[in-house]
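1. quick check, what structure comes out for this input:
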Amino acid sequence: MSNSMPIWEKYLLTVKEASLYFNIGENKMYRIVNDCVRSDQKFIVQNGSRTMINRKKFEDFLNNTTSI
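-> Got it, this is the predicted structure:
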């Protein structure tokens, strides 16, 4: 029995999962995450040393931007 939850139902995504879900390359996702840390965007959550992306807040970020 697998406890795996589909990506589209997860609240927080890893950078790799976000890359797959949003169809953005992993390197680009890491650059967006690094830029987010230095800006006022609030879609990043640190879980220890692991960086997680709030899926809904990142969707809002993408809806309000014209280029990434």
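2. can you tell me what sits against stretch 26-35?
-> Stretch 26-35 has contacts (Cβ atoms under 8 Å, 6 or more residues apart in numbering) with 15-16, 18-19, 22, 24, 41, 44, 51, 53, 68. For glycine as for every other residue, the C-beta is placed from the backbone atoms N, C-alpha and C.
3. got CSV for those residues, with neighbour count too?
-> Listed next are the contacts of stretch 26-35 as CSV, based on neighbours: other Cβ atoms under 10 Å:
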residue, neighbour count
15, 19
16, 11
18, 24
19, 19
22, 19
24, 17
41, 17
44, 18
51, 19
53, 24
68, 12
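4. check those and tell me the two furthest apart.
-> Distance extremes for the contacts of stretch 26-35: the farthest pair is 16 and 41 at 19.6 Å, using Cβ to Cβ.
5. using the three-state scheme, assign the spatially most central residue of the chain.
-> By Cα atoms, centre = their mean, the chain has its centre lying nearest to residue 53, at 3.3 Å. Following DSSP: H, G, I helix; E, B strand; the rest coil, we place residue 53 in the strand state.
6. please name the bridge partners of it.
-> residue 13, residue 44 (DSSP bridges).
7. residue 40 falls within a helix, correct?
-> No - counting by three-state DSSP, residue 40 is not part of a helix but coil.
8. tell me where the protein has strands.
-> 12-14, 44-47, 50-54 (DSSP state E).
9. so for residue 61, which of those strands sits nearest?
-> When the strands of the chain are compared by Cβ to Cβ, strand 50-54 sits nearest residue 61, at 9.4 Å.
10. who's in contact with that closest one?
-> For strand 50-54, using Cβ under 8 Å, 6+ apart, the contacting residues are 11-15, 18, 29, 33, 42-46.
11. what does stretch 7-15 give?
-> Looking at what lies outside stretch 7-15 - Cβ under 8 Å, 6+ apart - the contacts are 17, 20-21, 26, 29-30, 33, 45, 47, 50-56, 58.
12. and it, which residues are buried?
-> Neighbour counts over stretch 7-15 (16 or more other Cβ atoms under 10 Å) mark 12-15 as buried.
13. report the distance from that stretch to the chain centre.
-> Centroid separation between stretch 7-15 and its chain, computed with Cα atoms, centre = their mean, to the nearest Å, is 8 Å.
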